[in-house]
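Student: Need a 3D model of the following:
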Amino acid sequence: MADWGASGRVDSYEFRLVDPFTLQETGETVSTIEGESQLSFNYYGDNIATGTIVTDADDIGKLVRVYHTVSVGGEEATEVLGTFFADSSTATAKHHAIKRTHACYSTLYRHTEDSFVQDFARTAGTNIVGEMRDIVEADGGHLRTLPSLRDEASRTHTVDIWFEIGTNKGEALRTICGWCGWELGVDPYGYVTVGAYTAPQDKAISYEFEDGESCTYAAGYDFSNTNAKAVNRCIAYFSRTSKQDDPDKDNYDPWPLSDSTFVDLPERSPFSYQRTGRHRTYVLKVGDACSHDDLVAQAQRYLDENSGAYYSFQIEHAGIPGLRVGDVVRYVNRRDGSKDIDLRLQVAEMQMTLGPGCMCRTTLREVD
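Tutor: This next block holds a predicted model:
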């Protein structure tokens, strides 16, 4: 494994303009002020990736794709950090020099800032990926299915679905994914992605922040726990009035008319019923019929993401090529706290300064 924190590391960045409708690079670049641009990634955020790009007089009239190249100890890696819309900007001028600061958002912004101009309705039997593609491509976006969805790409709705006029399109896309146990995302090249949701407990470790090795993280950490909205039970259910019981029909439906389940935080959680003596329950209505196991998985996913009952660490480290929000890492620290730390944690947020070392302020969230 490369020692990305070793001395002699050199980081460089390139900002290439991209056609917003084709996602192809135009051959033009943007001149920026070194070390002043920042990117922020939030696994649970609506747009996932945002940032500020600071240019020396250049305006940004298209999408901008950010490239990062790092070399150290004979190793070199180049990665695309993201493709962004440049929205609002501010400028300062002094001694004939102009500095523009652009607020930037991932291409999910195209959908999170838009709403249906008429009711969006689809009947039972509609292909779900095709329906999502209709929503994304209606605004000039591009949808890419991930390999994890290969076995479910032909999945269809078992009931009629409807989003009324004025519904936010990003919200509709996430709702559909929630019904199916899928996950909405965006890749570095600007494609909206949809794939099967994998619980953080089931993810492989992507990187190890090892104590005293590779020099990747700075001394010290901040620690917090959150109980502001500590839901400790989720009830999930679906209910409908009819279905196709004939297995010879194309729209045969093996699921029952209705089903329900619930999941609780584990007893070891400080916000579990066994610790607090009360239930704080969220009721999740699932739009599409599914197997009981899938229903349990959807309830568990909601609880994992919304219970508020988790610990998190904030650390500073050198940029690690390929590390993304949503990844699971091992964090080992035996030097800074009163107790040794050796934990599996999920990368929940990452604030990245595009300068020497590509330094990151990262929030690592408890997995178990």
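Student: What count of nearby residues applies to F85?
Tutor: By other CB atoms under 10 Å, 23 other residues sit near F85. Every C-beta, even on glycine, is put in place using the N, C-alpha and C of the backbone.
Student: again, but for P254
Tutor: Counted by other CB under 10 Å, the residues lying close to P254 total 11.
Student: pLDDT weak spots in the stretch 251-368 of the chain?
Tutor: Filtered on pLDDT under 70, the stretch 251-368 of the chain yields the residue ranges 251, 308-310, 368.
Student: Which strand runs longest in the chain?
Tutor: The residue-count maximum for a strand in the chain (DSSP state E) belongs to strand 75-94.
Student: Which helix or strand contains H102?
Tutor: Using DSSP states H and E, H102 sits within strand 97-106.
Student: any residues touching that strand, and which ones?
Tutor: When contacts are defined by CB atoms under 8 Å, 6 or more residues apart in numbering, strand 97-106 is touched by residues 33, 39, 47-60, 64, 82-93, 186, 190.
Student: Just the buried positions in the longest helix anywhere in the chain, please.
Tutor: When the chain is parsed with DSSP state H, its longest helix is helix 292-306. Neighbour-count burial for helix 292-306, counted by 16 or more other CB atoms under 10 Å, picks out 294-304.
Student: strands paired with the longest strand of the chain, and their directions?
Tutor: strand 63-72 (antiparallel), strand 97-106 (antiparallel) (DSSP bridges).
Student: Now do the helices in the stretch 251-368 of the chain.
Tutor: Secondary structure of the stretch 251-368 of the chain, counting by DSSP state H, counting those that start in this stretch: helices at 273-276, 292-306.
Student: name the helices or strands packed onto the last one?
Tutor: Going back to what we said before, that points to helix 292-306. Applying 3 or more CB pairs under 8 Å, 6 or more residues apart in numbering; DSSP states H and E, we find helix 292-306 packed against helix 169-180, strand 233-239, strand 258-264, strand 281-285.
Student: Same list, the ones you listed, but as a markdown table with mean neighbour count and distance to E76 please.
Tutor: Listed next are these as a markdown table, based on neighbours: other CB atoms under 10 Å; distance: least, CB to CB, whole Å:
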| stretch | mean neighbour count | distance to E76 |
| --- | --- | --- |
| helix 169-180 | 20 | 36 |
| strand 233-239 | 19 | 46 |
| strand 258-264 | 17 | 46 |
| strand 281-285 | 14 | 47 |
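Student: The ones you listed: which one's closest to Q118?
Tutor: Nearest of the helices and strands packed on helix 292-306 to Q118, taken as CB to CB: helix 169-180 at 12.3 Å.
Student: what is the orientation angle of the very next helix or strand once past that closest one with strand 97-106?
Tutor: Counting by DSSP H and E, the element after helix 169-180 in chain order, helix or strand, is strand 182-186. Taking axes from the mean of the first three to the mean of the last three CA atoms, to 10 degrees, one finds that strand 182-186 is oriented at 160 degrees with respect to strand 97-106.
Student: partner strands of strand 182-186, parallel or antiparallel?
Tutor: Note on strand 182-186: by DSSP bridges, its sheet partners are strand 192-196 (antiparallel).
Student: State the next helix or strand along the chain beyond the strand it pairs with.
Tutor: Next along the chain after strand 192-196, with elements defined by DSSP H and E, is strand 205-209.
Student: And that next one, what's buried?
Tutor: 206-207, 209.
Student: Tabulate those (a markdown table), appending pLDDT and distance to R324.
Tutor: As requested, the buried residues of strand 205-209 are arranged in a markdown table below (pLDDT from 0 to 100; distance: CB to CB, whole Å):
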| residue | pLDDT | distance to R324 |
| --- | --- | --- |
| S206 | 94 | 8 |
| Y207 | 92 | 10 |
| F209 | 88 | 15 |
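Student: Going by distance to D19, which of the residues you listed wins?
Tutor: S206 (31.6 Å).
Student: so who does the closest one touch?
Tutor: 322-324, 327-329.
Student: quick revisit: in CSV, list the C-alpha atoms belonging to the longest strand of the chain.
Tutor: Written as CSV, here are the backbone C-alpha positions of strand 75-94 (Å, rounded to 0.1, in the frame of the first residue of the first chain):
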residue,chain,number,x,y,z
GLU,A,75,3.7,6.0,-6.8
GLU,A,76,1.3,8.1,-8.8
ALA,A,77,-2.5,8.1,-9.0
THR,A,78,-5.0,10.2,-11.0
GLU,A,79,-8.6,10.3,-10.1
VAL,A,80,-11.7,12.3,-10.9
LEU,A,81,-13.1,13.9,-7.8
GLY,A,82,-16.4,15.0,-9.3
THR,A,83,-18.4,16.8,-12.0
PHE,A,84,-20.2,19.9,-10.8
PHE,A,85,-22.7,22.6,-11.8
ALA,A,86,-21.4,26.1,-11.0
ASP,A,87,-24.4,28.0,-9.4
SER,A,88,-24.1,31.3,-7.7
SER,A,89,-20.8,33.2,-7.6
THR,A,90,-19.2,36.1,-5.8
ALA,A,91,-16.3,38.2,-7.0
THR,A,92,-13.7,40.5,-5.5
ALA,A,93,-11.5,42.9,-7.5
LYS,A,94,-8.4,44.6,-6.4
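Student: Would you mind listing the outside residues contacting stretch 254-269?
Tutor: Contacts of stretch 254-269 (CB under 8 Å, 6+ apart): 158, 232-243, 271-275, 279, 281, 289-292, 295-296, 299-300, 303, 307, 309.
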